[in-house]
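> my questions concern the predicted model and sequence given below.
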Amino acid sequence: EVQLVESGGGSVQAGGSLRVSCTASGFTFDDADMGWYRQGPGNECELVSTISSDDSTYYADSVKGRFTISIDDAKNTMYLQMNSLKSEDTAMYYCAAGETYRGIFRPGYWGQGTQVTVSS
């Protein structure tokens, strides 16, 4: 059974940092493409960042230069380091596992989400 468990969310003031984690089980982590999505209040779910099995990365323009995605294969864990946080980063952050097809990440499995709240 595939499981994705996020952790590390919380509340922080604008300009601060947080790191969220996603621990995976039930599939070969090394072979998977992984990603982070978020959904803020009243907003659609948006793709934030992805990291492929070949370690190539993608960042949404809104987070480029502030967020860093990484993985630790030994721990089956993916991270999203978020720096210089803004109030508009407030959202539920979801971890996803899937595959990249023709340059587009296609999630197949989702975590339950972890809340990030940034106060100004």
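Yep, it's here.
> please make it C-alpha for all contacts and neighbour counts, starting now.
OK.
> hang on, Glu6 in a helix?
No: using DSSP: H, G, I helix; E, B strand; the rest coil, the assignment for Glu6 is strand, not a helix.
> show me what contacts it?
Going by CA atoms under 8 Å, 6 or more residues apart in numbering, Glu6 touches 20-23, 94-95, 111-114.
> what's across from it in the sheet?
Cys22 (DSSP bridges).
> how about the strands in the chain?
Applying DSSP state E to the chain gives strands spanning 3-7, 10-13, 18-25, 33-39, 46-51, 57-59, 67-72, 77-82, 91-101, 104-110, 114-119.
> out of the ones you listed, which is the most enclosed?
For the strands of the chain, the largest average neighbour count (mean count of other CA atoms under 10 Å) is found in strand 33-39, namely a mean of 24.
> any idea how far that strand is from the chain center?
With CA atoms, centre = their mean, to the nearest Å as the basis, strand 33-39 stands 4 Å off its chain's centre.
> that one - what's its average pLDDT?
Strand 33-39 shows a mean pLDDT of 98.
> that one vs strand 91-101, what angle?
If you take axes from the mean of the first three to the mean of the last three CA atoms, to 10 degrees, strand 33-39 sits at 150 degrees to strand 91-101.
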